[in-house]
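Colleague: following is a predicted model, sequence given first.
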Protein chains: 2
Amino acid sequence: MYTLKDVAKQAGVSTATASRALSNPDKVNVVTREKVHAVAKKLGYSINIMARSLRKQESKTILVILPDIGDSFFYEIIHGIEAIAHKAGYSLLLGDARKSQARTSSFMDLFISRQVDGIILLTAEVDISSLATQSGNREMPIVMTSEYFPGSPYSDVQIENEQSAARAVQYLCNLGHSSIATITGPSSSTISFERHLGYQLALNRMQLPLREDYILEGNFSFQSGYDLGRTLLLSEDPPTAIFCQNDAMAIGVLNIAKELNVAIPSQLSVVGFDNIQFGEYCEPALTTVQQPRYEIGKRTMNLLLDQLHGNKAIQHISFPTQLVVRHSAGPVPI
Amino acid sequence: MYTLKDVAKQAGVSTATASRALSNPDKVNVVTREKVHAVAKKLGYSINIMARSLRKQESKTILVILPDIGDSFFYEIIHGIEAIAHKAGYSLLLGDARKSQARTSSFMDLFISRQVDGIILLTAEVDISSLATQSGNREMPIVMTSEYFPGSPYSDVQIENEQSAARAVQYLCNLGHSSIATITGPSSSTISFERHLGYQLALNRMQLPLREDYILEGNFSFQSGYDLGRTLLLSEDPPTAIFCQNDAMAIGVLNIAKELNVAIPSQLSVVGFDNIQFGEYCEPALTTVQQPRYEIGKRTMNLLLDQLHGNKAIQHISFPTQLVVRHSAGPVPI
DNA sequence: CTGAAAGCGCTTACAG
DNA sequence: CTGAAAGCGCTTACAG
């Protein structure tokens, strides 16, 4: 393993010059520069970025905190983040929120403080105040996406949750449904709250009553969709349509419906939210709401970059969505 | 942001002692130690690991290279790796192989050299020789899993691919099938090769002929299963069963079968491999081969730890699997 | 355009 | 048990 010192010596220059030749080419005479480059290449020299980071007091690393590293919903977002980050010379460090919580001492504590120049939060399930404290009053650039805090002091990029949900429910109304139930996310989730607002809005617009027994709180998991779907289908007055606040729950509903021999979409219509890959391969393929996840990721990282470059203004961005009509929703049964 | 120097000063000791109190508690007088700890806590001090890494010449970081960061197949393995790594004080850095390839200069080049104490390869799609060169003859501890090179110079942990595939195909035979096709992975894949050996073995055992037209090469993607499934189903003499070398392709077959109105399992039996989460929610639920992914991940990291601790012996570990019988395979149609 | 020197925040022989 | 000092591999004012 060669160091800058080796390169400098072989090139017959000081380490200062070698460093400049490699990192600030135009501050160095062209012939010197080329000599250094040649030697570096010959030796297979590669910089020790820990040393550089230590010296420059920046890690060129972004911490991305996800709710669950196993949930594929986030990957397109991450790819978007990565695309921009890479162009700007930043690397990504992926952190699992559940662990971060538990490991206040080791994980957060360690990473937050110095290893990381900024943070992207894909979850609201972090102790944001401890996060602030940990970073020792040094203001850590933070951007949230996918989830956020109401009245958040951080920039965030979201989708139009309310309108999107309203449009999905409206779609069911247009198919003739008037008994439309909903399975929401956990009450702690802001986006769930907003999507539920959309559900209410659509019903309102159609002058349909809000029925308590048609509003069930899930937790965004397949299992909760399955369980609550059963509750709805076995109730005295089952709905003819269910709007699920995410696809995993919608797929859960599809499964329990199948089990109970409730035909979809002829007897029950189901609409999801997110457009995860699997929804396309469901039986029947899931009608759902598509978010521009890659774009969201890119935008999120760009916002963070802004902050990293000293722009303090906090921004709230909202992307529109699209209803993806497939085969899990149809006309109301007669 | 406080440094060790601040802690030392406030505690009235040298930085050497402060450092020892924090990292090597028993090398320090108990009262001194506690004073240091108290100050550290009061100040919210957290170590700058870049400085430590630079000084100790170790990063306490493991690079995990995956074929595709979006493929959820790998997450349980990663969780297993993480569990052991964390206990041993290591962090994980996730790398996407496609990018690593393309970015020989930035990604690999940078990470391989010093940021990382060891590497876990979940793919064979890396230029292993460049990897060796990049690491500058310093022998980098490497363990492979999920995929490997035949006659690999690295330790690896695998599953019994051949036996597992043979058992799956045997299961189809036992259901009365004799027209059993297979959709394999790419020919460059060692595990695909082994699974195919298992297919051949089972057919052989049952004295069934190997038909060239029943052996199609896919690439482990949903789409290839879909496409090749169509080829098989529309052929003159379609098989009554298809063994797919992974679940994504099996689900592709399920979908095209549905489209072509081929009933599963009454007209066509399908068996997959891997037991990805989605297979359980398919219609019908997928019969497949279950690998102990979490255990595999743990074992892999343990092997790497061995090497990190100086144990040079290379080991090849093989885990058994289990056939998960669900509803995508049934008796041969009469 | 180039170099000597200081310093980023740690750890660790070496003395005492 | 404790401290002074060197050093990990860089970068960057400061001089020249």
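Modeller: Ah, there it is.

Colleague: just the strands from the stretch 1-150 of chain A, written as ranges.
Modeller: Listed in chain order, the strands of the stretch 1-150 of chain A (DSSP state E, counting those that start in this stretch) span residues A:61-66, A:91-96, A:118-121, A:142-145.

Colleague: tell me the strands beside the first one, with direction?
Modeller: Here strand A:61-66 has these sheet partners by DSSP bridges: strand A:91-96 (parallel), strand A:118-121 (parallel).

Colleague: now these in CSV, with distance to residue B:45?
Modeller: Any C-beta I mention is one placed from the backbone N, CA and C, and that applies to glycine too. Below are the strands paired with strand A:61-66 laid out as CSV (distance: least, Cβ to Cβ, whole Å):
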stretch, distance to residue B:45
strand A:91-96, 21
strand A:118-121, 20
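
Colleague: the residue of the stretch 201-334 of chain A found nearest chain B: what secondary structure?
Modeller: Going by Cβ to the nearest Cβ, chain B is nearest to residue A:283 of the stretch 201-334 of chain A, at 3.7 Å. Secondary structure, DSSP: H, G, I helix; E, B strand; the rest coil: residue A:283 is coil.

Colleague: separation between residue A:30 and DNA strand D?
Modeller: Using Cβ to the nearest atom of the strand, to the nearest Å, residue A:30 is found at 16 Å from DNA strand D.

Colleague: hang on, I meant residue A:183
Modeller: Distance, residue A:183 to DNA strand D, by Cβ to the nearest atom of the strand: 53 Å.

Colleague: same question for residue A:278.
Modeller: To DNA strand D, residue A:278 is 45 Å away according to Cβ to the nearest atom of the strand.

Colleague: SS state for that residue?
Modeller: Here residue A:278 is recorded as helix under three-state DSSP.

Colleague: list the residues that contact it.
Modeller: Contacts for residue A:278 (Cβ atoms under 8 Å, 6 or more residues apart in numbering or on different chains) come out as A:247, A:251, B:278, B:281.

Colleague: I'd say the first one and residue A:271 touch.
Modeller: It refers to residue A:247. No: contact between residue A:247 and residue A:271 fails when scored by Cβ atoms under 8 Å: they sit 9.7 Å apart.

Colleague: shared neighbours, these two?
Modeller: Common neighbours of residue A:247 and residue A:271 are listed as A:286, A:288 (criterion: Cβ under 8 Å, 6+ apart).

Colleague: between the two, which is the more surrounded one?
Modeller: A count of neighbours by other Cβ atoms under 10 Å in any protein chain shown puts residue A:271 above the other of residue A:247 and residue A:271, at 32 against 27.

Colleague: residue contacts, residue A:161?
Modeller: By Cβ under 8 Å, 6+ apart, the contact set of residue A:161 is A:191, A:194-195, A:197-198.

Colleague: tell me the one of these nearest DNA strand D?
Modeller: Closest approach between the contacts of residue A:161 and DNA strand D, by Cβ to the nearest atom of the strand: residue A:191, at 40.4 Å.

Colleague: now the closest one. Nearest residue, chain neighbours left out?
Modeller: residue A:161 (5.1 Å; Cβ to Cβ, 6 or more residues apart in numbering or on different chains).

Colleague: give me the pLDDT for the residue of the stretch 201-334 of chain A closest to chain B.
Modeller: Predicted confidence (pLDDT) at residue A:283: the value is 81.

Colleague: and the spatially closest residue to it that is not a sequence neighbour, what does it touch?
Modeller: Nearest residue to residue A:283 in three dimensions, chain neighbours excluded: residue B:283, at 3.7 Å (Cβ to Cβ, 6+ apart). Going by Cβ under 8 Å, 6+ apart, residue B:283 touches A:258, A:282-283, B:254.

Colleague: ok, back up a step: out of the contacts of residue A:278, the closest to residue B:125 would be?
Modeller: The nearest member of those to residue B:125, counting by Cβ to Cβ, is residue B:278 at 23.4 Å.

Colleague: for the stretch 201-334 of chain A, which residue gets nearest to DNA strand C?
Modeller: For the stretch 201-334 of chain A, Cβ to the nearest atom of the strand, closest residue to DNA strand C: residue A:308, 18.7 Å.

Colleague: you'd agree that residue is up against residue A:118?
Modeller: Yes: applying Cβ under 8 Å, one finds residue A:308 in contact with residue A:118, separated by 5.7 Å.

Colleague: and those two? Which one has more around it.
Modeller: residue A:118 (21 against 17).

Colleague: outline the domain layout of chain A.
Modeller: With domains defined by automatic domain parsing, chain A comprises A:4-47, A:57-157+A:293-318, A:161-291.

Colleague: one step back: deepest of the strands of the stretch 1-150 of chain A, which one?
Modeller: strand A:142-145 (a mean of 26; mean count of other Cβ atoms under 10 Å in any protein chain shown).

Colleague: that one packs against which elements?
Modeller: On a contact count with 3 or more Cβ pairs under 8 Å, 6 or more residues apart in numbering or on different chains; DSSP states H and E, strand A:142-145 meets strand A:118-121, strand A:155-159, helix A:293-308.

Colleague: got the CA positions of it in CSV?
Modeller: Output in CSV follows, covering the C-alpha atoms of strand A:142-145 (Å, rounded to 0.1, in the frame of the first residue of the first chain):
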residue,chain,number,x,y,z
ILE,A,142,-31.1,16.8,7.4
VAL,A,143,-33.8,16.1,4.8
MET,A,144,-36.8,13.8,5.3
THR,A,145,-38.7,11.9,2.7
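
Colleague: name the residues that touch it?
Modeller: A:77, A:118-122, A:124, A:131, A:152, A:154-158, A:296-297, A:300-301, A:303-304, A:307.

Colleague: okay, now the sheet partners of it, with direction.
Modeller: Strand pairing for strand A:142-145, using DSSP bridges, gives strand A:118-121 (parallel), strand A:155-159 (parallel).

Colleague: just the CA trace of the first one, in CSV.
Modeller: Coordinates of each C-alpha in strand A:118-121 appear next as CSV, following Å, rounded to 0.1, in the frame of the first residue of the first chain:
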residue,chain,number,x,y,z
GLY,A,118,-25.7,14.9,6.4
ILE,A,119,-28.6,12.7,7.1
ILE,A,120,-31.6,11.6,5.0
LEU,A,121,-34.5,10.3,7.0
